[in-house]
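Give me the fold of what follows.
(chains A and B, ligands or ions: 1)
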Amino acid sequence: MAIIHDDLGRRRFLSQAVMGFGLLFGMGTLALRFLQFLVPSPKPKRYEAVLIGSLSRVPVGEAVPMDLSGQKIVVLRTNEEVLAFSRRCTDLGCLVSWSKEREQFLCPCHQGVFDKTGKNIAGPPPRPLDRFEVVTRGDQLYVNIQSS
Amino acid sequence: MESAASPVERRTGSKNWIDYIQKDLPEHLDWWPYTLGAIPLTLFGLLVTTGLLLTFYYVPSPDQAYESVEQITHEVYLGWFVRGVHKFSVDLMILFLLFHVIRVFLTRAYRTPGELKWVSGSIVFFVTLGMGFTGYSLVYDNVSYWGMTVVTSMLGNLPVVGLPLMYLLRGGEEVSGGTLLRLYDLHTKLLPVLLGGLVLGHVIIVRLKGFAEVKGSRGFHPFYPEHTLVMGAIAVGLLVLIVDLVMIFPPTLGPPANTQEVASDVSPPWYFSAAYMWITLLPGPLSLWSLMGGAGLFVVYPFLDRVLLERGWPMPFVNVVVGVLAVLVFVALMVLDVRM
Ligand code: FES
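Numbering: from 1, shown residues only, chains lettered A, B, ... in the order given. Prediction:
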């Protein structure tokens, strides 16, 4: 008798385990799908050359901030060249601004400082500002930006 | 640990839920540092009420959010008052939670069997801070916008879960209207329900596990009417205080969010200013890790206490030193933030 009971017990345990497992699996998948619903997937990026105007738009020693369809950039013209940086601070994403007197990019959020080549020189930022390629065609300036 | 059996229990020998509510309280609970936990509870009630009222006017969309807050503050009858009560209640709630934590920490009231009390309470504390952050974001002024940006990027720096979490909160890659809506949902739905549940759980755990024993506190007084009366008096006192504070310092509104320029002053509310200064002073990863580590240690402190005690550390003394240091650092960072 005892053996039969044991068998029954085992059978019941197994069937309950399978059902329980199935239930958990089903609910887990559902929960995962719900989470996927909430987390948007990143959009694919492509490079794009955007015309930002003629060279005269950016005077020497000045940096002009621009918003290219959501991409906030700043175009800096030094004596030698024209550079384009993302204004997004590499620390926690505030916007940097150019200080003409100090010839540095400053981030007001946590006092991050970048020099005119975009290098992080003081404060919390862990790496240089992101740079975009600037292409000159005739008198016109183009910036290669990543857009989605 | 158990307090004396209630009269009903003594008669019938069994317990029902009424006994838990009516259970007599140790007399030290009459001394004010031991009432600090009930004050945040009262304030929570006030926050739910005023918060509900505010949702009738607030519009969670980037082009109308700021305007609707302005409307609440300047046009709606008594709008400034309701908003002011909401603001001061959260300030005071966090302040009194801090006092409560300090009291429990110094008296080491989290010792066995109180670990669960501490753990549940510390989670209540963090969720309340989450409410503070999401609430500030809704105003959609400069502090809100750049605060959202900075806090979500900070979470995005966490390994593995970071990026999905950031996308989840922002509803996309960048802070946008979707972000505001998500934070609004968190602030008005998910977090309040969570907080309500946690607070209820915390209170139930405290009742079940019993209050901490205090030397020399032997007598008991009934929960009702004596203790209820004390709590009522405290609640009325709080209400008077808040009403006065709102009258003297009516709520103000900073300039609307400017997504093209960071305002020079984006200091967060006082309860975040220490953390804000911390991330300003330390390089990114270090500050993030130290904050997360500190929060983790805080939650599991009762267990840490036990381990250290077994190794022969003088924990009552250690706690006084740690407590005083923590308060000093907090205040020093706050002062630094005001100065900068
Ligand atoms: S976001 Fe720029 S320094 Fe922190």
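
which stretches of chain A form strands?
A:46-54, A:63-68, A:71-77, A:82-86, A:97-99, A:104-107, A:112-114, A:120-122, A:131-137, A:140-147 (DSSP state E).

same question, the stretch 151-300 of chain B
Using DSSP state E, counting those that start in this stretch, the strands of the stretch 151-300 of chain B run over residues B:220-221.

export the strands of chain A to a markdown table and tack on distance to the ligand, mean pLDDT and mean neighbour count?
Where you see a C-beta, it was placed from the backbone N, CA and C, and this is true even at glycine. As requested, the strands of chain A are exported to a markdown table (distance: least, C-beta to the nearest ligand atom, whole Å; pLDDT from 0 to 100; neighbours: other C-beta atoms under 10 Å in any protein chain shown):
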| stretch | distance to the ligand | mean pLDDT | mean neighbour count |
| --- | --- | --- | --- |
| strand A:46-54 | 24 | 82 | 14 |
| strand A:63-68 | 15 | 86 | 16 |
| strand A:71-77 | 13 | 88 | 21 |
| strand A:82-86 | 12 | 90 | 21 |
| strand A:97-99 | 11 | 89 | 16 |
| strand A:104-107 | 3 | 91 | 22 |
| strand A:112-114 | 3 | 92 | 22 |
| strand A:120-122 | 9 | 90 | 15 |
| strand A:131-137 | 17 | 87 | 14 |
| strand A:140-147 | 20 | 82 | 17 |
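
okay, the ones you listed in CSV with distance to B:Q260 next?
Formatted as CSV, these follow (distance: least, C-beta to C-beta, whole Å):
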stretch, distance to B:Q260
strand A:46-54, 16
strand A:63-68, 7
strand A:71-77, 7
strand A:82-86, 14
strand A:97-99, 10
strand A:104-107, 14
strand A:112-114, 18
strand A:120-122, 22
strand A:131-137, 18
strand A:140-147, 17
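
Now A:L68: closest residue in space that isn't a chain neighbour?
A:V50 (5.2 Å; C-beta to C-beta, 6 or more residues apart in numbering or on different chains).

Bridging across strands, which residues link to the one you found?
Bridge pairing for A:V50 (DSSP bridges) gives the partners A:V143.

For it, give me its contacts.
By C-beta atoms under 8 Å, 6 or more residues apart in numbering or on different chains, the contact list for A:V50 reads A:68, A:142-145.

In TSV: these, plus distance to B:M315.
Converted to TSV, the contacts of A:V50 look like this (distance: C-beta to C-beta, whole Å):
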residue	distance to B:M315
A:L68	59
A:Y142	66
A:V143	61
A:N144	61
A:I145	58
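
Pick the one among these closest to chain B.
Chain B has its nearest neighbour among the contacts of A:V50 in A:L68, at 12.5 Å by C-beta to the nearest C-beta.

Touching, that closest one and A:I145? I think so.
Yes: here A:L68 reaches A:I145: they are 5.8 Å apart, a contact under C-beta atoms under 8 Å.

which ones are touching the residue nearest to A:N144 when sequence neighbours are not counted?
Ranked by C-beta to C-beta, 6+ apart and with sequence neighbours excluded, the top spatial neighbour of A:N144 is A:E133, at 4.2 Å. A:E133 is in contact with A:84, A:143-144, counting by C-beta under 8 Å, 6+ apart.

any low-confidence regions in the stretch 201-340 of chain B?
Residues of the stretch 201-340 of chain B that meet the criterion pLDDT under 70 lie in B:212-219, B:284.

Would you mind listing what in it touches chain A?
Those residues of the stretch 201-340 of chain B that sit near chain A, judged by C-beta under 8 Å from any C-beta of the partner chain, are B:260-264, B:266, B:279-280, B:282-285, B:287, B:340.

Most neighbours among those, which one is it?
Per-residue neighbour counts (other C-beta atoms under 10 Å in any protein chain shown) across these peak at B:V262, which has 23 neighbours.

What backbone torsions are found at that one?
The phi/psi pair for B:V262 (degrees, to the nearest 10) reads phi -90, psi 130.

who touches it in this structure?
Per C-beta under 8 Å, 6+ apart, neighbours of B:V262: A:94-95, A:97, A:107-109, B:142, B:146.

Quick check, B:L155 in contact with B:L169.
Yes: the criterion here is C-beta under 8 Å, and B:L155 meets it with B:L169 at 6.8 Å.

okay, and the common contacts of these two?
Joint contacts of B:L155 and B:L169 (C-beta under 8 Å, 6+ apart) do not exist.

Out of those two, name the residue with the larger neighbour count.
Taking neighbours as other C-beta under 10 Å, B:L155 and B:L169 compare with B:L169 leading, 22 against 16.

B:T50: neighbouring residues, count only.
Neighbours around B:T50, by other C-beta under 10 Å: 20.

residues in contact with the residue lying closest to it once chain neighbours are set aside?
In space, and not counting its chain neighbours, B:T50 is closest to B:H86: 4.1 Å by C-beta to C-beta, 6+ apart. Contacts for B:H86 (C-beta under 8 Å, 6+ apart) come out as B:47, B:50-51, B:54.

Can you give me the pLDDT of the residue nearest to B:E261 when sequence neighbours are not counted?
In space, B:E261 comes closest to A:L95 once its chain neighbours are excluded; the distance is 6.7 Å by C-beta to C-beta, 6+ apart. Here, the pLDDT recorded for A:L95 equals 90.

I'd say A:L95 and A:I73 touch.
No: taking C-beta under 8 Å as the definition, A:L95 is not a contact partner of A:I73, at 10.4 Å.

which residues are in contact with both of those two?
A:R87.

Now, the contacts of B:H86 that are in strands?
Those of the contacts of B:H86 lying in strands (DSSP E): none at all.

List the ones among the residues you listed that fall in helices.
Judged by DSSP state H, helices contain the following of the contacts of B:H86: B:47, B:50-51, B:54.

Using CSV, please lay out those residues together with pLDDT.
Below are the ones in helices among the contacts of B:H86 laid out as CSV (pLDDT from 0 to 100):
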residue, pLDDT
B:L47, 96
B:T50, 96
B:G51, 96
B:L54, 96
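
Neighbour-wise, give me the winner out of those residues.
Neighbour max across the ones in helices among the contacts of B:H86 (other C-beta under 10 Å) = B:L47, 23 neighbours.

Might one say that that one is in contact with B:I94?
No: if you go by C-beta under 8 Å, B:L47 and B:I94 don't touch, sitting 11.0 Å apart.

element containing the residue nearest to the spatial centre of chain B, please.
Closest residue to the average C-alpha location of chain B: B:T128 at 3.4 Å, with C-alpha atoms, centre = their mean. Following DSSP states H and E, one finds B:T128 within helix B:115-138.

export that helix as CSV, just CAs?
Coordinates of the C-alpha atoms in helix B:115-138 are reproduced here as CSV (Å, rounded to 0.1, in the frame of the first residue of the first chain):
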residue,chain,number,x,y,z
GLU,B,115,15.8,43.7,10.6
LEU,B,116,12.7,43.6,8.5
LYS,B,117,11.4,46.9,10.0
TRP,B,118,14.7,48.5,8.9
VAL,B,119,14.8,47.0,5.4
SER,B,120,11.1,47.9,4.7
GLY,B,121,11.6,51.4,6.1
SER,B,122,14.7,52.0,4.1
ILE,B,123,12.9,51.1,0.9
VAL,B,124,10.1,53.5,1.9
PHE,B,125,12.7,56.1,2.2
PHE,B,126,14.1,55.5,-1.3
VAL,B,127,10.7,55.4,-2.9
THR,B,128,9.9,58.7,-1.2
LEU,B,129,13.0,60.2,-2.8
GLY,B,130,11.8,58.8,-6.1
MET,B,131,8.6,60.6,-5.5
GLY,B,132,10.5,63.8,-4.8
PHE,B,133,12.5,63.5,-8.1
THR,B,134,9.5,62.6,-10.3
GLY,B,135,7.4,65.4,-8.7
TYR,B,136,10.1,68.0,-9.3
SER,B,137,10.3,66.9,-12.9
LEU,B,138,6.6,67.5,-13.5
